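**Student:** I would like the atomic coordinates for the input below:
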Amino acid sequence: MKYRAEIDGLRALAVVPVILFHAGFDLFSGGFVGVDVFFVISGYLITTILIEDIENKRFSIVNFYERRARRILPALFFVMLVCIPFAWMWMLPSQMKDFSQSLVAVSVFASNILFWRESGYFDAVAEEKPLLHTWSLAVEEQYYVLFPIFLILAWRFGKDRVFWMIVVMAAISLLLSEWGWRNKATANFYLASTRAWELFAGSIAAFVVQKQGVQKNNVLATLGLAAIIFSIFFYDETTPFPSVYALVPVLGVVLLVLYAEKDTLASKLLSAKGFVGIGLISYSAYLWHQPLFAFARIRSLEHPSLLLMSGLSFTSLIVAWFSWRYIERPFRNKHAVNRTLIFRASLTLLASFSVIGAVGHFNNGFYQRYDERIIFLDGFKSAEQRRHDLSCAPIIGFSQRDRCVLGKRENVKGVLIGDSHAQMLLEPLNNEMQRLGVGILSFTNSGCPPILSVWRRDTSNNCNEYNEAAFEYIKSNSEIEYIILSGRWTINVERNPFDNQEGGVEPGTDAILDVISNGVRESNGEKVRQEKLLKRLQDSLLQFDSLNRKVFVVYPVPEVGFIPAEKEIIYRMHNRLEDYDSTHSYDVFLVRNQKVRDAFGGIGGQLSSTTFFDLSNTLCSEITRRCSTFDQNNMPLYYDDDHLSAAGSEIVVKEIAQWINTEFTQ
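**Tutor:** Here you go, the predicted structure:
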């Protein structure tokens, strides 16, 4: 196979944006497309090698796997090995348990499946998972295992038919990804079935190049380069991916592969020494950047600054050079390391990492390393999350209605409607309703605040269906006497994650909720979207109020910007507990929530059956201008940066119970 310097340059164009995207640079908002660029390159190179071997009758599956093992495993093993002592020193038991599971998953080429299964609304912060990025390696490894077998078996039907088979499989995979981002967004992101078309795009390009060579076309090559650059700077985390949007960078790579002959402008640019140099170390750079970032986030007292992340980005390239020079290159040398050694060493290390991971998992992250307070605080979040097991969605056919009742099943008098900020009330509300002898039906759905005629642009959650069904249920069931509405109202209006202006920044992506008008989903610009959403919020409250049932609305819960339990742990581990301030600014909270609070206040006079409850009156002080995150017994009032713990939820639930007693008890 003829060496193409521009391909190494293309690798540089892929890895640098990925690193800077993960470092948190907003300019590179679409830097994640670098992974898709890698997929196309891999598909092209692997298919080219396989076609040449098959046509020259020298194909050997053992030789192929040997080459892949030499290319991928030594550097990967080295990174995993280096991660283990830092994980032991710095990771909490829950983090160590997750890390141990990832060691096993990486060893069996299934980390994409693990991270898919772990992903969800309440999961541990993905940015703190050192091996999270190996999901893409798992996708490629699964391709390496299956594609050569397919190719050698299908070759008997002729080269042209094999080509069209790949085209059909690519089309099916692309269509599946289009369905996937709308219906199974997390699986769509991680699994090979919806990523395969990107690898197949490279395979298709390989067939074309093998037949007619690399063509010279400055316009098409430049267009391909521009397409990749466009997606890096204009896509963001709200762009459905993979989907037809991924065609832009993917086809950009294909155009470069097909038309960037060495004399084209694009080829000359990508063949520059700087690009080629970074391209050569791109694999190691990709491997190193995520552990560096993850451990920095785990170890930092506050959210890591961009200056620190810039330094770590540069460090990842320096470490990558050493890794490439002293790990990658020697193991690719067949004279220095023979086949038997590479296979034996690979199997031994894969088994060893699996054993270490299994021990860490079954030993609950080696929790014995820490004192009782740290163990309690570390387990606090996962224990609190289990309270959401009471949640369900009875709307689809109402087949699960009984399981969705809080309190006394035989005396259902009310409904709870909302997103995860309603779900956090479930267990204490269930207990309180049992005491009162009444039942409440839970219509709760994470990510869907109780606003009618809205839809989410950032997930496949069908909020409109859930909320409309809940509304119709109340309307058609006269025994329902009261309605409780709770939601994370503000993030859906303001869209951006919370920044407490004191170093506490909520991880995660923007939330995009937009309105539905006359059955049509709108995609408005930000200012119009906010205005329409606030109006739709007011209209929804008026509609619920018009049902002539009693309505209880929970005001926005003060967001924190940090996880109180985890922050205390970090300060304890740094022996700086005396410096730990568990409070946050009341004024920042008020500014953040002003639009929603004004919207509530603006229709207060039109509501005849609605009661509002403002938790900030309890958690925040007018005198100190600070809001609390721990109660008097030193129990966290939050289990993450915005969801109340059982202790915090009980404050709301007691208010609800008092309201029910006042309104309905004679």
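**Student:** please make it C-alpha for all contacts and neighbour counts, starting now.
**Tutor:** OK.
**Student:** quick one: secondary structure of Leu406?
**Tutor:** State at Leu406, reduced to three classes by DSSP: H, G, I helix; E, B strand; the rest coil: strand.
**Student:** please read the previous query as pertaining to Gly503.
**Tutor:** Quick answer, by three-state DSSP: Gly503 is coil.
**Student:** return the residues in contact with it.
**Tutor:** Counting by C-alpha atoms under 8 Å, 6 or more residues apart in numbering, Gly503 makes contact with 302-303.
**Student:** and for Ala23?
**Tutor:** With C-alpha under 8 Å, 6+ apart, Ala23 has these contacts: 293, 306, 309-310, 313.
**Student:** who wins for neighbours among the residues you listed?
**Tutor:** Phe293 (24 neighbours; other C-alpha atoms under 10 Å).
**Student:** that one sits in which helix or strand?
**Tutor:** Assigned by DSSP states H and E, Phe293 belongs to helix 282-299.
**Student:** between helix 282-299 and the helix or strand that that helix is followed by, find me the angle.
**Tutor:** Going down the chain from helix 282-299, the next helix or strand is helix 306-323, by DSSP H and E. Between helix 306-323 and helix 282-299, the angle comes out at 140 degrees (axes from the mean of the first three to the mean of the last three C-alpha atoms, to 10 degrees).
**Student:** next SSE after helix 306-323?
**Tutor:** Taking DSSP H and E, what comes next after helix 306-323 is helix 329-332.
**Student:** what average pLDDT does that following helix get?
**Tutor:** In this model, helix 329-332 carries a mean pLDDT of 93.
**Student:** over to stretch 136-148?
**Tutor:** 96.
**Student:** quick one, helices of the stretch 101-250 of the chain?
**Tutor:** 111-118, 134-154, 159-183, 185-190, 196-212, 218-234, 247-259 (DSSP state H, counting those that start in this stretch).
**Student:** just the ones you listed: most buried one?
**Tutor:** helix 247-259 (a mean of 24; mean count of other C-alpha atoms under 10 Å).
**Student:** let me see the domain layout of the chain.
**Tutor:** Structurally, the chain divides into domains by automatic domain parsing as follows: 5-369, 388-558+585-627+644-664.
**Student:** reformat those domains as a markdown table; add distance to Ile375.
**Tutor:** Shown next, in a markdown table, are the domains of the chain (distance: least, C-alpha to C-alpha, whole Å):
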| stretch | distance to Ile375 |
| --- | --- |
| domain 5-369 | 7 |
| domain 388-558+585-627+644-664 | 17 |
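**Student:** what's in contact with stretch 542-552?
**Tutor:** Stretch 542-552 is contacted from outside by 471, 475, 480-485, 606-613, 656, using C-alpha under 8 Å, 6+ apart.
**Student:** looking at the residues you listed, which are in strands?
**Tutor:** Of the positions in the contacts of stretch 542-552, 482-485, 610-613 sit in strands, assigned by DSSP state E.
**Student:** ok, so of those residues, who is nearest Pro93?
**Tutor:** Minimum distance to Pro93 across those is 36.1 Å, recorded for Leu485 (C-alpha to C-alpha).
**Student:** pretty sure that closest one is touching Leu452, no?
**Tutor:** No. With contact defined as C-alpha atoms under 8 Å, Leu485 does not reach Leu452; the gap is 12.0 Å.
**Student:** quick one: the strands in the chain, in order.
**Tutor:** Under DSSP E, the chain gives strands at 405-407, 412-418, 439-444, 454-456, 482-486, 513-517, 520-521, 550-554, 584-585, 610-613, 626-627.
**Student:** want to throw the ones you listed into CSV with mean neighbour count and mean pLDDT?
**Tutor:** Shown next, in CSV, are the strands of the chain (neighbours: other C-alpha atoms under 10 Å; pLDDT from 0 to 100):
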stretch, mean neighbour count, mean pLDDT
strand 405-407, 26, 84
strand 412-418, 23, 92
strand 439-444, 27, 88
strand 454-456, 23, 90
strand 482-486, 23, 96
strand 513-517, 21, 92
strand 520-521, 12, 90
strand 550-554, 21, 96
strand 584-585, 22, 96
strand 610-613, 16, 94
strand 626-627, 20, 96
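**Student:** identify all contacting residues around stretch 220-229.
**Tutor:** Against stretch 220-229 from outside (C-alpha under 8 Å, 6+ apart): 248-256, 258-260, 264-267.
**Student:** go with 7 Å
**Tutor:** 248-249, 251-253, 255-256, 259-260, 266 (C-alpha atoms under 7 Å, 6 or more residues apart in numbering).
**Student:** the longest helix in the chain is where?
**Tutor:** Using DSSP state H to define each element, the chain has its longest helix at helix 61-90.
**Student:** and the angle from it to helix 306-323?
**Tutor:** Orientation check (the same axes, to 10 degrees): helix 61-90 against helix 306-323 gives 140 degrees.
**Student:** returning to that earlier point: reformat the strands of the chain as CSV; add distance to Glu127.
**Tutor:** Listed next are the strands of the chain as CSV, based on distance: least, C-alpha to C-alpha, whole Å:
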stretch, distance to Glu127
strand 405-407, 35
strand 412-418, 28
strand 439-444, 27
strand 454-456, 23
strand 482-486, 29
strand 513-517, 24
strand 520-521, 32
strand 550-554, 31
strand 584-585, 23
strand 610-613, 35
strand 626-627, 27
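**Student:** out of the ones you listed, flag the one nearest Tyr65.
**Tutor:** strand 454-456 (43.6 Å).
**Student:** check which helices and strands the closest one sits against.
**Tutor:** helix 463-476, strand 513-517 (3 or more C-alpha pairs under 7 Å, 6 or more residues apart in numbering; DSSP states H and E).
**Student:** can you give the strand pairings for that strand, parallel or anti for each?
**Tutor:** Applying DSSP bridges, strand 454-456 is found paired with strand 513-517 (antiparallel).
**Student:** distance from stretch 199-207 to the middle of the chain?
**Tutor:** The chain centroid and the centroid of stretch 199-207 are separated by 28 Å under C-alpha atoms, centre = their mean, to the nearest Å.
**Student:** and it, C-alpha only, in CSV?
**Tutor:** Extracted as CSV, the C-alpha positions of stretch 199-207 are listed here (Å, rounded to 0.1, in the frame of the first residue of the first chain):
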residue,chain,number,x,y,z
LEU,A,199,-16.3,2.9,8.4
PHE,A,200,-18.0,1.6,5.2
ALA,A,201,-17.7,5.0,3.7
GLY,A,202,-13.9,4.5,3.9
SER,A,203,-14.3,1.0,2.5
ILE,A,204,-16.2,2.4,-0.5
ALA,A,205,-13.5,5.0,-1.0
ALA,A,206,-10.9,2.2,-0.9
PHE,A,207,-12.6,0.3,-3.7
